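1. what follows is a predicted structure for the sequence shown.
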Amino acid sequence: MRQTRRAGPTSSAPAPAKGRNSVSQAESWPHQEAQRILDRTKNLDQEIILQTGFGPSGFPHIGTFGEITRTTFVRLALTDLGAKNTRLIVFSDDMDGLRKVPLTFPAAMNEHLGKPLNEIPDPFGCCESYSGHMNGKLLEMLGRLGFDHEFRSSAQQYQSGVFNNGLKQILDRVDKVCEIILPTMSDQKRQGWSPFLPICESCRRLSTTRVTAYHPERCSVSYTCDGSVGAVNGCGHTGEGSILDGHAKVGWKTDWALRWYVYGVTYEMYGKDLIESANLSGKIVRALGGTPPVGYFFELFLDETGAKISKSVGKGVTVDSWLRYAPVESLALFMYRNPRRAKKLFLGAIPQYVDELLEEIEAHYGAAVPPGQRSTFGYLRPDAPASDPFVRGLRYGTLAELAGTVGTTDIEILSQYVKRGIGWPGGDDGAMKALISQAALYHREVLLPTKVAYTPAGEAERTAIGTLIDYLAQPNDPEEIQTRIFALAKESGMEAKDLFKSLYLVITGQERGPRLGGFITVLGRDKVREILTGALQAAGSR
RNA sequence: GGGCCGUUAGCUCAGCUGGUAGAGCAAGUGACUCUUAAUCACUGGGUCGGAGGUUCGAUCCCUCCACGGCUCACCA
């Protein structure tokens, strides 16, 4: 009789909110962005290059995920609009000099300050270099999430000579580049500034070298290694080095411009903190004779308190922690929602986004998507099968509460409850079970710790619990236990429902739960006695 | 200070090309009393930051103001 529930008027499935989840997404921001790009290229056959950047001086963070996800949305929209040749480049700045050792990393790394990241040993000892380790982490994430992309390592690109021509251009026009950058710098820093950062042939650092002369005819620069980074000083070496083949790189904004120029990047997103940098890089590309990409800036993520999430410190939510409690599509949905609005990214937001994801799935499979258009879920799961293998008609919060009520994270047990309770909502068992177990973990690790432990304060209540503890010392039939609890309530002058409520609160932290007799048996008498005793002690010691 | 972005119910967020606002959670009330498996029903709450303007009509367009954020202070 419950089977029809999903489709019936009393269905617990959330009714699709009007306007919120739509099948036709003609005005979705990725679509608009794609249109902006095509307005520029005007040609569906032209190669369109979308780029995102990664700084491997630390682990890939949620911002990296967001950038790649959002860029992928735009790429999908481009395809929908008929673009035939799109590529996504994920560029890793692994030739940057190490400026600061991350907090939790070995202090021994300090000796490598100023060296290119790809020349610093892996502190974890498993990869060929520090940045190699971080690149590996990034690729692992991208692989797991199924992002189609082309990975580029800055160091490899420089060394391979791909950038040589661009570097020559910069050297030839170094005055113009300086004209662009210098006015934005303080007077003190202007003198001696150069877009080039040669690697010192003696100590292998590039953050400590200072260019003293340009030699465009030889494609080289003269430099002195007398700068400092952190507590490390340059080695004092003076020499001349090629700017080609990875012997030097160019600094930040010039570097960005170089990539745009050499690859012919069509589109790139960045956080709004980089707007100014992007403007300057754009000017540099123009000075080189290139065209800056179509750009799009997005708002920064905030933590629960509204403060900006720091990239360097591990504050805030990581991709891994979100994925521990929710499917990746829910995080993708977070990224899909208005990127121009600062949003709070914290674990407490998970139920909302999972529920909205379920609604989007409902909408996606509930109505035919017109050709050439894409549902929201179609962005989140471009490879979504035609028939619906996904979970729907449920609420994440319900599942989490169920886990709390039943007091277990065991998938098989919880699955039985779900099947009997509301009927299996259809779809794939694996997806369903994954969601159940995620919700259960969420309850145990996120929800539960915020709840204040209930302490039985009433005299009658405590007497009853005390008696129950003794009673449970001996094995008894579940029905007998059940009956005994009612008797206990009567003996101590309590309403039965109050005693039940109290026991549920103590055992599961919630006001309701399964039939206690059987429940106690399932949990184990000893375990329950332990919990009850603990509660009495907590109450007594107040 | 200049530039840019934002400001929708207590909280987190939706609101397509302008037609007197929605969801979830939270809150409140009621129902189920040897039964109570994640419950059901109902309700409240917003002059859509403020003030003008355009319009028959604006949360959605324009201007100004307030508040918050980012950026101009070179770190790739």
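-> Happy to help now that I have it. Just so it is clear, the model here is predicted, and its values are computed rather than measured.
2. which positions in the stretch 201-350 of chain A make contact with RNA strand B?
-> Counting by C-beta under 7 Å from any atom of the strand, the residues of the stretch 201-350 of chain A lying close to RNA strand B are A:207, A:249, A:251-253, A:255, A:272-277, A:299-300, A:302, A:306, A:308, A:337-338, A:340-344, A:349. Where you see a C-beta, it was placed from the backbone N, CA and C, and this is true even at glycine.
3. from those, which ones fall inside helices?
-> Among these, the members found in helices (DSSP state H) are A:252-253, A:255, A:275-277.
4. in the stretch 301-450 of chain A, which segments are predicted with low confidence?
-> Along the stretch 301-450 of chain A, segments meeting pLDDT under 70 span A:310-316, A:388-393, A:420-428.
5. quick one: stretch A:373-390 near RNA strand B?
-> No - Stretch A:373-390 does not reach RNA strand B (C-beta under 7 Å from any atom of the strand); its nearest approach is 9.3 Å.
6. who are the contact partners of the residue of the stretch 201-350 of chain A found nearest RNA strand B?
-> Using C-beta to the nearest atom of the strand, the closest approach of the stretch 201-350 of chain A to RNA strand B is made by A:W252 at 2.6 Å. For A:W252, the contact set (C-beta atoms under 8 Å, 6 or more residues apart in numbering) comprises A:S277.
7. and with 10 Å instead?
-> Contacts for A:W252 (C-beta atoms under 10 Å, 6 or more residues apart in numbering) come out as A:93, A:96, A:181, A:195, A:197, A:277, A:280-281.
8. in TSV: those, plus secondary structure, pLDDT and neighbour count.
-> As requested, those are arranged in TSV below (DSSP: H, G, I helix; E, B strand; the rest coil; pLDDT from 0 to 100; neighbours: other C-beta atoms under 10 Å):
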residue	secondary structure	pLDDT	neighbour count
A:D93	coil	95	22
A:D96	coil	94	24
A:I181	helix	91	21
A:P195	coil	94	26
A:L197	strand	95	28
A:S277	helix	92	14
A:L280	helix	93	19
A:S281	helix	95	28
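9. strands along chain A, start to end?
-> A:48-54, A:86-92, A:150-153, A:196-198, A:209-215, A:220-225, A:228-229, A:232-233, A:238-242, A:248-250, A:267-271, A:294-298 (DSSP state E).
10. what would these look like in JSON lines with distance to A:L488?
-> Shown next, in JSON lines, are the strands of chain A (distance: least, C-beta to C-beta, whole Å):
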{"stretch": "strand A:48-54", "distance to A:L488": "62"}
{"stretch": "strand A:86-92", "distance to A:L488": "64"}
{"stretch": "strand A:150-153", "distance to A:L488": "66"}
{"stretch": "strand A:196-198", "distance to A:L488": "78"}
{"stretch": "strand A:209-215", "distance to A:L488": "81"}
{"stretch": "strand A:220-225", "distance to A:L488": "82"}
{"stretch": "strand A:228-229", "distance to A:L488": "71"}
{"stretch": "strand A:232-233", "distance to A:L488": "72"}
{"stretch": "strand A:238-242", "distance to A:L488": "86"}
{"stretch": "strand A:248-250", "distance to A:L488": "76"}
{"stretch": "strand A:267-271", "distance to A:L488": "61"}
{"stretch": "strand A:294-298", "distance to A:L488": "59"}
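11. if I look at A:G348, how far off is A:Y325?
-> To A:Y325, A:G348 is 11 Å away according to C-beta to C-beta, to the nearest Å.
12. settle it for me: which of those two has more neighbours?
-> A:Y325 (24 against 12; other C-beta atoms under 10 Å).
13. name the nearest residue to that one, sequence neighbours excluded.
-> Leaving aside its sequence neighbours, A:Y325 sits nearest to A:Y442 (C-beta to C-beta, 6 or more residues apart in numbering; 4.1 Å).
14. please name the residues that touch the one you found.
-> Contacts of A:Y442 were listed using C-beta under 10 Å, 6+ apart, and they are A:324-326, A:347, A:350-351, A:354, A:396-397, A:399-400, A:403-404, A:409, A:448.
15. try A:L402
-> A:L402 sits next to A:408, A:414, A:417-418, A:421-422, A:436, A:439-440, A:443 when contact means C-beta under 10 Å, 6+ apart.
16. in helices, which of the contacts of A:Y442 fall?
-> Going by DSSP H, the helices hold A:324-325, A:350-351, A:354, A:396-397, A:399-400, A:403-404 from those.
17. so which bits of the stretch 351-500 of chain A are right by RNA strand B?
-> Within reach of RNA strand B by C-beta under 7 Å from any atom of the strand, the stretch 351-500 of chain A has these residues: A:351-352, A:355, A:395, A:397-399, A:401-402, A:405-406, A:416-418, A:420-422, A:482-483, A:485-487, A:490, A:495-497, A:500.
18. if we go to 6 Å?
-> Residues of the stretch 351-500 of chain A that fall close to RNA strand B, judged by C-beta under 6 Å from any atom of the strand: A:351-352, A:355, A:397-398, A:401-402, A:405, A:417-418, A:420-422, A:482-483, A:486-487, A:496-497, A:500.
19. and those, which of them are buried?
-> Applying 16 or more other C-beta atoms under 10 Å to these, the neighbour count classes A:351, A:355, A:397-398, A:401-402, A:405, A:417-418, A:422, A:482, A:500 as buried.
20. out of the residues you listed, who's nearest A:N85?
-> For these, the closest approach to A:N85 (C-beta to C-beta) belongs to A:D355, at 37.8 Å.
21. the closest one against A:P327, yeah?
-> No - using C-beta atoms under 10 Å, A:D355 is not in contact with A:P327, being 11.9 Å away.
22. identify the contacts common to those two.
-> A:Y396.
23. can you check the pLDDT for A:L523?
-> We have a pLDDT of 69 for A:L523.
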